[in-house]
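**Q** The sequence isn't on hand, but the structure is:
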């Protein structure tokens, strides 16, 4: 069993363990599936999601791999590291989604980064249902000690409240 190194990935503990790097508009909030103008989630056990507002909302976690009981030797062998996230929009309001994940050395300098283009969801042209984004890091060289994971977004209509992108089911796994 490969453990998810992100704590509170789906909002079961509200915003605990997340550093709110941007908390604009009406700020981050946790809601129950499927939510207003929403979609049911495809994985069992996920009953909540985080939702963004009308100004940028980003949150992140920094994972200290040595504190998670990985050895320097295991990490220097460059095990595959997979980051995964799920996002969706509302059926009544467009939104933008962004995410990034970085592998860092002992000084928290970037070794390798995954930063896909921002996604805009438009209910007039997209079904706005839950979509997965997934990336596996490999061949990144020795020295890995930390992983950062950051994601979020906002709505596109600047509506007061929580009409922005929804995120849940995030994970970071190291396959040793």
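**A** Received, thanks. Predicted model only: the values in this text are computed from it and were never measured. Residues are numbered from 1 along each chain as shown.
**Q** Look up phi and psi at residue 75.
**A** Torsion angles at residue 75 (phi, psi; degrees, to the nearest 10) stand at phi -70, psi -40.
**Q** how far away is it from residue 34?
**A** According to CB to CB, to the nearest Å, residue 75 stands 39 Å off from residue 34. All C-beta atoms are positioned from the backbone trio N, CA, C, and that covers glycine.
**Q** swap in residue 51?
**A** Distance from residue 51 to residue 34, by CB to CB: 12 Å.
**Q** Equivalent analysis for residue 80, please.
**A** Distance from residue 80 to residue 34, by CB to CB: 33 Å.
**Q** one step back: looking at residue 75 and residue 34, which one has more neighbours?
**A** Using other CB atoms under 10 Å, the more surrounded residue of residue 75 and residue 34 is residue 75, with 19 against 16.
**Q** Please verify my assumption that the more buried one contacts residue 65.
**A** Yes: Residue 75 lies in contact with residue 65 (CB atoms under 8 Å); the separation is 5.9 Å.
**Q** Give the residues shared as contacts by these two.
**A** 144-145, 174 (CB atoms under 8 Å, 6 or more residues apart in numbering).
**Q** I appreciate the help and will end here.
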